[in-house]
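**Q** Give me a model of this one.
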Amino acid sequence: MNDDVQRRFSGTRPVAPQHAFDVARLAAFLRERISGFEGEVHVAQFKGGQSNPTYLLSTGSHRYVLRRKPPGALLPSAHAVDREFRVISALAATDVPVARAHVLCEDISVIGSAFYLMDFVDGRICWDPALPDLIRAERSAHYDELNRVIAALHRVDPAAIGLADYGKPGHYIARQVARWTRQYRASETERIEAADRLIDWLPEHIPAEGETRIVHGDYRLDNVIFHAREPRILAVLDWELSTLGDPLVDFAYHCLTWRLPTGNSRGLAGLDFEALAIPNESAYLHRYLARVGSHREVSEADWTYYLVFSMFRLVGILQGVAARALQGNAASAQAIETGRRTRPLAEQAWALARTIAR
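**A** Numbers count the residues shown, from 1 in each chain. Have a look, this model is predicted:
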């Protein structure tokens, strides 16, 4: 990934016409609910993000981030900003770094869709997983911090922070396969044979269920904010897909970075990990297992299944991005380009599925 791609995803831009709203009405709503929210409000839209439009609100002395559901027709259960607000509010008292949440608004008359407001966290978002701007020791430290934080999340007892009902109990993978099959079908823009084969194959090969923990659902390098000068995560972002489920499945989705191509897919496949001082997938997995204190046996077949399912899940996400791009209400200017990754990823997933001997 070159500097041009970094610039395309980083920072803010003027609010897209399809995502504009009445700033004065929003400001009046927030002044009534947030202490110290005062002064003229300036709004810009973050470049990154494909799902929920995200904005920077500046009020002179304070900066906030607003996350909203996109306008237009939406898939059932998608863009759950209310769940994002609930989980980051609950995690505030844990070792998982999150931004301070302020208010949730489900009254669509304010800006046209549900939204929530949280603090702006000043730091760095790294879009290229090869971390080309860092030296070897810094790369190693940043990946170790990524590993530490997802392990911290998976050690949290959901019931202890009021999230015992944050997801349905049991049969997590089966429910997820069914959900992402529905999401894929609802967003389908063309027939992809590999995706059809995965839809038939995945329910027939589900491994035994693991423990239940809070799963982020989209934990990756560009969904965390690092300290400006230290390998320290200040906040984990984008909790839209979080729920209760099998933490190893969540970790496998995070590990897709090692399987995806470099460039616009923001992957590491084919790079020299030793030269970069980035752990390989196996070493990264074993470090995570040590941190969570797991004694669970992870067979090669089960781990491969988790990766195949994770790829299929990403296929469903990418298909949704493509569908919204065609409708004209996707959150990112790169949405059409992102949607084009759907077919090759489905084909990669189906090829990997065929390597499992059961």
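**Q** This structure - how does it break down into domains?
**A** Described in terms of automatic domain parsing, the domain architecture of the chain consists of the residue ranges 3-119, 136-353.
**Q** Would you mind saying which of those domains lies nearest residue 129?
**A** Distance to residue 129, taken as C-beta to C-beta, is lowest for domain 136-353 among the domains of the chain, at 5.2 Å. Every C-beta, even on glycine, is put in place using the N, C-alpha and C of the backbone.
**Q** mean confidence for the helix or strand that contains residue 344?
**A** Residue 344 belongs to helix 342-353 when assigned by DSSP states H and E. Within the predicted structure, the mean pLDDT of helix 342-353 is 95.
**Q** Just the buried positions in it, please.
**A** By neighbour count, with 16 or more other C-beta atoms under 10 Å as the criterion, the buried positions of helix 342-353 are 342, 343, 345, 346, 347, 348, 349, 350, 352, 353.
**Q** of all those residues, which comes closest to residue 103?
**A** Nearest to residue 103 out of the buried residues of helix 342-353 is residue 342 (C-beta to C-beta; 35.7 Å).
**Q** do you know how far the closest residue to the closest one other than its chain neighbours is from residue 130?
**A** With sequence-adjacent residues excluded and distances taken as C-beta to C-beta, 6 or more residues apart in numbering, residue 342 is closest to residue 318, at 4.4 Å. Here the criterion is C-beta to C-beta, to the nearest Å. By it, residue 318 lies 22 Å from residue 130.
**Q** So if I had to pick from these two, which one is more boxed in?
**A** residue 318 (23 against 19; other C-beta atoms under 10 Å).
**Q** May I see the buried residues of the strand or helix carrying that one?
**A** For residue 318, the element it lies in under DSSP H and E is helix 300-327. Buried residues in helix 300-327, defined by neighbour count with 16+ other C-beta under 10 Å: 302-325.
**Q** model confidence over that helix, on average?
**A** Per-residue pLDDT values across helix 300-327 average out to 90.
**Q** what does stretch 247-265 give?
**A** pLDDT averaged over stretch 247-265 gives 94.
**Q** Quick check: end-to-end length of it?
**A** Stretch 247-265 has an end-to-end distance of 24 Å (C-alpha to C-alpha, to the nearest Å).
**Q** Tell me the buried residues in that stretch?
**A** In stretch 247-265, the ones that count as buried by 16+ other C-beta under 10 Å are 247-260, 264-265.
**Q** For the residue located most distally from the centre of the chain, which non-adjacent residue is spatially closest?
**A** Relative to the C-alpha centroid of the chain, counting by C-alpha atoms, centre = their mean, residue 39 is the outermost residue, at 32.6 Å. On the basis of C-beta to C-beta, 6+ apart, the spatially nearest residue to residue 39 that is not a chain neighbour turns out to be residue 60, at 3.9 Å.
**Q** next one: phi and psi at that neighbour?
**A** For residue 60, the backbone dihedrals are phi 100, psi -70 (criterion: degrees, to the nearest 10).
**Q** For residue 66, see how far away it is.
**A** If you measure residue 60 against residue 66 using C-beta to C-beta, the figure is 16 Å.
**Q** just residue 104 next, same as before
**A** Remark: distance between residue 104 and residue 66 (C-beta to C-beta) = 11 Å.
**Q** list the residues that contact both of these two?
**A** Shared contacts of residue 104 and residue 66, defined by C-beta atoms under 8 Å, 6 or more residues apart in numbering, are found at 115, 116.
**Q** Looking at these two, which is more packed in?
**A** Using other C-beta under 10 Å as the criterion, residue 104 and residue 66 rank with residue 66 on top: 26 against 16.
**Q** Show me what the host helix or strand of residue 180 is packed up against.
**A** For residue 180, the element it lies in under DSSP H and E is helix 172-187. Counting contacts by 3 or more C-beta pairs under 8 Å, 6 or more residues apart in numbering; DSSP states H and E, helix 172-187 packs against helix 193-201, strand 243-245, helix 247-254, helix 300-327.
**Q** Which strands and helices lie in contact with the longest one?
**A** With contacts taken as 3+ C-beta pairs under 8 Å, 6+ apart, helix 300-327 sits against helix 172-187, helix 193-201, helix 247-254, helix 335-339, helix 342-353.
**Q** List the beta-bridge partners for the closest residue to residue 166 other than its chain neighbours.
**A** With C-beta to C-beta, 6+ apart as the criterion, residue 166 has its nearest non-adjacent residue at 5.1 Å, and that residue is residue 244. Note on residue 244: beta-bridge partners residue 214, judged by DSSP bridges.
**Q** mind listing what the most centrally placed residue in the chain touches?
**A** Taking C-alpha atoms, centre = their mean, the centroid of the chain lies closest to residue 218, which sits 2.8 Å from it. Neighbouring residues of residue 218 by C-beta under 8 Å, 6+ apart: 238, 240, 241, 253.
**Q** and which of these is nearest to residue 111?
**A** Here the nearest of the contacts of residue 218 to residue 111, counting by C-beta to C-beta, is residue 240; it sits at 17.6 Å.
**Q** helix/strand/coil for that closest one?
**A** Reducing the assignment at residue 240 to three states with DSSP: H, G, I helix; E, B strand; the rest coil gives coil.
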